[in-house]
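> Pasting the sequence and the predicted coordinates here, then a few questions.
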Amino acid sequence: MNEKFCFHIVLILGVIFSAMGCANSNPPVNEDGLNRELTVGLVQREIKEGSPAEEVIRTLGSPNIVKTDADGLEVWVYDRFSSERLRRSFAASLFGLSDSSLGLFQGSSSKEQSSTVSLTVILNFDKNSNVSGVAYHRSKF
């Protein structure tokens, strides 16, 4: 094989292995095997008008705030904040030998991003402790 072809193969393999190291793992799961991280999708899928309060607690956990509205009915508020820091880096070096000299290829780059995600879910309940309304707001900054 010629040296240029070998150089390209080694470089491609280096990029593939570096990319594999940057892969995200799945979020942790609860003991029931389900991911119960509070998300808009979870709220939309699991919480419907008429859902009893006990089911809401099993699905979403305890609310951050429990209060009453002007009519004396319960309102539950779930507030979740998360910060995410993503750092990507790539470094490669290759020592090659050509017939005229010792060659060295070396390179690296790095990028860091951070963001904060806020999710607020507001559940209104009727006099029978069933969900009568669902509202939510998600923002990322």
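Everything's here; your move.
> show me the contacts for residue 114.
83-86 (C-beta atoms under 8 Å, 6 or more residues apart in numbering). (C-beta placed from N, C-alpha, C; glycine too.)
> Now do the strands in this structure.
65-68, 74-97, 102-125, 131-140 (DSSP state E).
> can I get those in a markdown table with mean pLDDT and distance to residue 39?
Converted to a markdown table, these look like this (pLDDT from 0 to 100; distance: least, C-beta to C-beta, whole Å):
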| stretch | mean pLDDT | distance to residue 39 |
| --- | --- | --- |
| strand 65-68 | 96 | 19 |
| strand 74-97 | 76 | 9 |
| strand 102-125 | 78 | 7 |
| strand 131-140 | 93 | 9 |
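> Select, out of the ones you listed, the one closest to residue 55.
strand 131-140 (8.7 Å; C-beta to C-beta).
> Within the sheet, what are the partner strands of the closest one, with directions?
strand 102-125 (antiparallel) (DSSP bridges).
> Closest one of the contacts of residue 114 to residue 117?
Nearest member of the contacts of residue 114 to residue 117, counting by C-beta to C-beta, is residue 84, at 7.0 Å.
> Please name the bridge partners of that closest one.
Using DSSP bridges, the bridge partners assigned to residue 84 are residue 115.
> go on, the one 4 residues further on?
With DSSP bridges as the criterion, the beta-bridge partners of residue 88 are residue 111.
> Make 344 the first number, not 1, from now on.
Shifting the count to begin at 344 puts that one at residue 431.
> beta partners of residue 483?
residue 460.
> how near is it to residue 416?
Taking C-beta to C-beta, to the nearest Å as the measure, residue 483 falls 31 Å from residue 416.
> Mind checking which of these two has more residues around it?
The neighbour count for residue 483 versus residue 416, taken as other C-beta atoms under 10 Å, is higher for residue 416 (14 against 10).
> can you tell me how far that one sits from residue 381?
Noted for residue 416: a distance of 23 Å to residue 381, by C-beta to C-beta.
> ok, residues contacting stretch 385-392?
Outside stretch 385-392, the residues that reach it (C-beta under 8 Å, 6+ apart) are 379, 399, 402-403, 464, 466, 473-477, 479.
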